[in-house]
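*Asks:* Next comes the sequence, and after it the predicted model I'd like to discuss.
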Amino acid sequence: MYAKVNGYRLFFDVEGLQYVAEGAVMRERPVCLVMHGGPGADHTHYLPDLSPLAQYCQLIYIDDRNCGLSDHIDYTTNTVKQNVEDIEALREYLGLDKVFILGHSYGGMKAQYYAAHHPEHLYGAIIVATVPNAETFSIERIERNILRFGSQELADLHHAYTNGESELTLSELMLKILPLYHGKGKFKEEYIENEKHVTFNTELNRYQDDHELRVPEKYNLIPDLKKVDLPCLVIAGDQDFICDLEANQEIAAAIPGCEFHVLKGTSHEVFMDDPEIVFPLITDFMERNYNVGDR
């Protein structure tokens, strides 16, 4: 489905009902906006991994501009702020008052910004496996983590891609380093096939990493996070190589009253690796912070 917001068509898809029948009455369930990773990936990365949450809430998956099925325009217009403003415009277009947001990886960067700048429309924010600033997303830091949890070969592949010395597309790189995204012993061969249906925008990924996310003067959410007055749940894996545990600890420390959970033996793909832990954490958080009368 499409909505025209801020002059362009944004693709979104829906899983789960907002209203469910309970006998003779209809019960309203919370709506959760799902923000995908990247930059330059799309919402299909979370299919079918997030589907268990649709038993509790309505999930609205959103492709950023220049990503997936949304309009592809000038990719230099993509920033954390612009992506959030597009999503906020979609919330308004859909006639939704208060929602939850769930962001993982680059989606978590958007969720942090959203929580700081549009709290009046949120019940709460679920911020998963991400980073708060350019320092915690540096190439050097990621490559140290690859050596810690992976190998020199994988570190060299990542180094060549991020420094523009490789002809690999982002999709090709992801397939080669995919085991790094899962905790030791948690990677399954079927994940390779799952990854192939994700559409990646390599040019956007390179541009936004180099011109925003790894530029300290342009990407630092810590001052914003300190002002957040909103229930927030932060989830991290202790073997995450790309958005490491320490980065998520900084996020949790900056947000007043934040709930923080660390998953042992887990890397970046927490929804695949630890669904039996992650989904109860999220549904409990929603249950405690959802007030159907507060609309």
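*Replies:* In hand now; what should we look at? Remember, predicted model here, so these are calculated numbers, not experimental data. Numbers count the residues shown, from 1 in each chain.
*Asks:* I figured residue 235 was touching residue 128, is that so?
*Replies:* Yes. Assessed by Cβ atoms under 8 Å, residue 235 is found in contact with residue 128 at 4.7 Å. In short, each C-beta sits where N, CA and C put it, glycine included.
*Asks:* shared neighbours of these two, which are they?
*Replies:* Common neighbours of residue 235 and residue 128, counting by Cβ atoms under 8 Å, 6 or more residues apart in numbering, are residue 270.
*Asks:* Look up the closest residue to residue 230, ignoring the ones flanking it.
*Replies:* Among residues not flanking residue 230 along the chain, residue 119 sits closest, at 4.6 Å (Cβ to Cβ, 6 or more residues apart in numbering).
*Asks:* Is residue 102 located within a strand, as I assumed?
*Replies:* Yes. Residue 102 forms part of a strand when assessed by DSSP: H, G, I helix; E, B strand; the rest coil.
*Asks:* Report the contact partners of it.
*Replies:* The contact partners of residue 102, by Cβ under 8 Å, 6+ apart, come to 32-35, 50, 111, 125-126, 128, 282.
*Asks:* out of these, who's nearest residue 220?
*Replies:* residue 111 (15.9 Å; Cβ to Cβ).
*Asks:* tell me which element the closest one is part of?
*Replies:* Take DSSP states H and E as the rule and residue 111 turns out to sit in helix 106-117.
*Asks:* could you check the distance from the residue nearest to residue 230 over to residue 231?
*Replies:* Residue 119 is 10 Å from residue 231, where distance means Cβ to Cβ, to the nearest Å.
*Asks:* Show me what counts as buried in the lowest-mean-pLDDT helix or strand in the chain.
*Replies:* Lowest mean confidence among the helices and strands of the chain (mean pLDDT, DSSP states H and E): helix 190-195, at a mean of 90. Along helix 190-195, these residues count as buried under the neighbour rule (16 or more other Cβ atoms under 10 Å): 191, 194-195.
*Asks:* what does stretch 121-129 give?
*Replies:* Using 16+ other Cβ under 10 Å as the test for burial, stretch 121-129 gives 122-129.
*Asks:* go on, stretch 50-60?
*Replies:* 50, 52-54, 56-60.
*Asks:* I'd like these written out as TSV, with pLDDT and secondary structure added.
*Replies:* Below are the buried residues of stretch 50-60 laid out as TSV (pLDDT from 0 to 100; DSSP: H, G, I helix; E, B strand; the rest coil):
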residue	pLDDT	secondary structure
50	97	coil
52	96	helix
53	98	helix
54	97	helix
56	96	coil
57	98	coil
58	98	strand
59	98	strand
60	98	strand
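*Asks:* out of these, who's nearest residue 247?
*Replies:* Using Cβ to Cβ, residue 50 comes nearest to residue 247 of these, at 22.3 Å.
*Asks:* For the closest one, give me its contacts.
*Replies:* Counting by Cβ under 8 Å, 6+ apart, residue 50 has contacts 15, 34, 59, 102, 271.
*Asks:* switch to 6 Å and redo it
*Replies:* Neighbour list for residue 50: empty [criterion: Cβ atoms under 6 Å, 6 or more residues apart in numbering].
*Asks:* From residue 135, how far out is it?
*Replies:* In terms of Cβ to Cβ, residue 50 sits 30 Å off from residue 135.
*Asks:* ok, residue 147 - contacts?
*Replies:* By Cβ under 6 Å, 6+ apart, the residues touching residue 147 are residue 155.
*Asks:* Torsion angles phi and psi at it?
*Replies:* Dihedral pair for residue 147: phi -60, psi -30, per degrees, to the nearest 10.
*Asks:* Can we start the residue count at 582 from this point?
*Replies:* With the count now opening at 582, the last piece we talked about shows up as residue 728.
*Asks:* Now do it against residue 860, distance only.
*Replies:* Distance from residue 728 to residue 860, by Cβ to Cβ: 32 Å.
*Asks:* Would you indicate which residues of the strand or helix carrying residue 865 are buried?
*Replies:* Using DSSP H and E, residue 865 sits within helix 856-870. Burial within helix 856-870, assessed by neighbour count using 16+ other Cβ under 10 Å, is assigned to 859-860, 862-864, 866-867, 870.
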